[in-house]
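1. When you get a sec, could you give me coordinates for this:
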Amino acid sequence: MNTDPVEVFRARVARHAALADPARLRIVDLLTLGDFSPTELQAELGGVPSNLLSHHLRALEKAGLATRHRSEADKRRSYIRLAAGALEGLVPGAEQGARRVLFVCTRNSARSQLAAALWQQVSDIPSASAGTHPADRIARGAIEVARRHGVDLADLPPRRLEEVADDEDFVVTVCDNAHEEIPNPGGIHWSVPDPLRLNTEDAFEGAFSDIARRISDLVPRLRAA
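-> This is a model prediction of the structure:
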């Protein structure tokens, strides 16, 4: 009978041990939906003391369940995200209902457009995209990476958030600037690096892969409302 190698088994044990704490389990449940700053996690946990939250985050990082990186907007701020493959063999929490998924970034020219197009390929729940400060056109790099992966971007110009948003939308911000700019954005946040900062093929491929993976994780969590 085949069994896991010792190091794989130990990693599984460490993950289960980390998740045995109620606060850490709650943090991981939240991270299955999106990225959170420590301040946002503190609020979600009912104002847990900062030193205790830091202890929980260190435990999750040590167990390979979470990682963190600096915000592209406010360099003093960091975001905690679920580590790749963290939940292999583990079942996330309950589903949430959604009438439409609205993906938001700053210029609505790359990340949010790609996310809406990818979502339409794998879910019956409608999707849309918008920007807080929309550009004049979709970025060439976004069009090209979508074409390489057989994804059709809608022939729509970037649109302003206020023109698209509905109170019943399940909002997913896919850039730090938009998330930090919108007052009480609600929904969830994906801290996806801006491919236009480097404006290279690799940068757009990285953003595409990041968004595609996150969508695959989110689809089973949402049901049509």
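2. Run through this protein and note the low-pLDDT ranges.
-> Filtered on pLDDT under 70, the chain yields the residue ranges 1-5, 89-95, 185.
3. Roughly how far does the spatially most central residue of it sit from residue 136?
-> Among the residues of the chain, the one closest to the centroid is residue 190, at 2.6 Å (C-alpha atoms, centre = their mean). Distance, residue 190 to residue 136, using C-beta to C-beta, to the nearest Å: 24 Å. Quick note: C-beta positions are derived from backbone N, CA and C, even for glycine.
4. cool, residue 196 as well?
-> Counting by C-beta to C-beta - residue 196 and residue 136 are separated by 13 Å.
5. Pick out whichever of those two has more residues nearby.
-> Neighbour count, other C-beta atoms under 10 Å: between residue 196 and residue 136, residue 196 has more, with 19 against 8.
6. Verify the stated contact: the more buried one with residue 110.
-> Yes. Residue 196 is within contact range of residue 110, at 6.1 Å (criterion: C-beta atoms under 8 Å).
7. Secondary structure element for the closest residue in space to residue 84 that isn't next to it in sequence, which one?
-> Using C-beta to C-beta, 6 or more residues apart in numbering and skipping the chain neighbours, the partner closest in space to residue 84 is residue 213 (7.5 Å). In the assignment (DSSP states H and E), residue 213 maps to helix 201-218.
8. what's the answer for residue 128, then?
-> strand 127-131.
9. How about residue 68?
-> Short version: residue 68 belongs to strand 66-70, going by DSSP H and E.
10. Domain map for this protein?
-> 6-82, 96-224 (automatic domain parsing).
11. what's the offset of the last one from the middle of its chain?
-> Think domain 96-224. 10 Å (C-alpha atoms, centre = their mean, to the nearest Å).
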